[in-house]
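*Asks:* mind folding the following:
(chains A and B)
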2 protein chains.
Amino acid sequence: MSRYLEDVSPGDRFPAGSVEVSEAECIAFAQAYDPQPMHLDAEAAARTRFKGIIASGWHTAALVMRRVALARPLGDTQVLGMGVENLRWHLPVRPGDTLHVDMEVVSVAPSDSNPRYGIVKFLITTRNQRGETVMTHSPICWVPRRP
Amino acid sequence: MSRYLEDVSPGDRFPAGSVEVSEAECIAFAQAYDPQPMHLDAEAAARTRFKGIIASGWHTAALVMRRVALARPLGDTQVLGMGVENLRWHLPVRPGDTLHVDMEVVSVAPSDSNPRYGIVKFLITTRNQRGETVMTHSPICWVPRRP
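*Replies:* Numbering: from 1, shown residues only, chains lettered A, B, ... in the order given. Predicted structure coming up:
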């Protein structure tokens, strides 16, 4: 099933499921991509203002991307990420947290430069198991128009 | 060595080094965090507009974060990412590319809410081995003031 630019409208919502954050994965991600003590090492992290390991914000973003890729809001259609607006890490994400990911369509517009494509802006809200918003961001995507 | 809000000014530049992108790492990242054919599978990727595997944009962002964390522009000072503005993936990143990362300070301001902190906005420009800009983004960071 393929969905196209014409099939999405502002206000459309797509739940994108949940993911549990493990300490081992937080540390592995940090070792590979964000080697700072608060993400890497329980003892060093305990001495920070966070009093324990917190996930790299980029790890949280990557976990959310996985949920979005699996949710496939446009079905088989190849969607290309052009960029992201207003990424905010509102609260720390900690090992043991469960993140819930919700997508909403903010805007839909045909491309000025290419009549076969359009631009869809989403708002993705990621909440923890207490319903607190931990991250918000607005991906801007290049989406094919209906052939 | 610790550097504080008072030690950075708009226009300050920090080179953050280079990283080579490997196909194995592109695929491993995609399997974990962005399971889409163009990032995952050489054969499926060959049938896309990109004619081969391209790195997940979030993988590129994570590789850049690693360079920034290792460059430590504020030395031992703990810097907290509050968010990111204007993230743009301008061109595909492919296995075998070498990415060069440069940071520049865009703005420095004391916090309105906490007299011990301030907010620094950076512009990070990531270029490939041909000097083409592949990604730009502006992290917004929470930085301690000089005690």
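*Asks:* next, name the residue at the spatial heart of chain A.
*Replies:* Most central in chain A under Cα atoms, centre = their mean is A:Val64, positioned 3.5 Å from the mean C-alpha point.
*Asks:* quick check, that residue in contact with A:His100.
*Replies:* No. Contact between A:Val64 and A:His100 fails when scored by Cβ atoms under 8 Å: they sit 10.1 Å apart. For the C-beta atoms, the positions are set from N, CA and C on the backbone; glycine is no exception.
*Asks:* any shared contact partners between those two?
*Replies:* Common neighbours of A:Val64 and A:His100, counting by Cβ atoms under 8 Å, 6 or more residues apart in numbering or on different chains, are A:Thr126.
*Asks:* next up, the contacts around the residue nearest to the centre of chain A.
*Replies:* Contacts of A:Val64 by Cβ under 8 Å, 6+ apart are A:Ala16, A:Leu99, A:Val101, A:Ile124, A:Thr126, A:Met135, A:His137.
*Asks:* redo that, cut-off 10 Å
*Replies:* By Cβ atoms under 10 Å, 6 or more residues apart in numbering or on different chains, the contact set of A:Val64 is A:16, A:19, A:99, A:101, A:103, A:124-126, A:134-135, A:137, A:139, B:33, B:58.
*Asks:* next one: A:Ser107
*Replies:* Contacts of A:Ser107 (Cβ under 10 Å, 6+ apart): A:Val8, A:Ser9, A:Pro10, A:Ile119, A:Val120, A:Lys121, A:Phe122, A:Leu123, A:Ser138, A:Ile140.
*Asks:* buried members of those residues into PyMOL, please.
*Replies:* Applied in PyMOL, the following selects the buried portion of these according to 16 or more other Cβ atoms under 10 Å in any protein chain shown:
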select buried, chain A and resi 8+119+120+121+122+123+138+140
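*Asks:* what's the closest non-adjacent residue to A:Ala55?
*Replies:* A:Val93 (4.2 Å; Cβ to Cβ, 6 or more residues apart in numbering or on different chains).
*Asks:* separation between the residue nearest to A:Arg116 when sequence neighbours are not counted and A:Leu74?
*Replies:* Excluding its sequence neighbours, the residue lying closest to A:Arg116 (Cβ to Cβ, 6+ apart) is A:Arg145, at 5.7 Å. Distance of A:Arg145 to A:Leu74, given as Cβ to Cβ, to the nearest Å: 12 Å.
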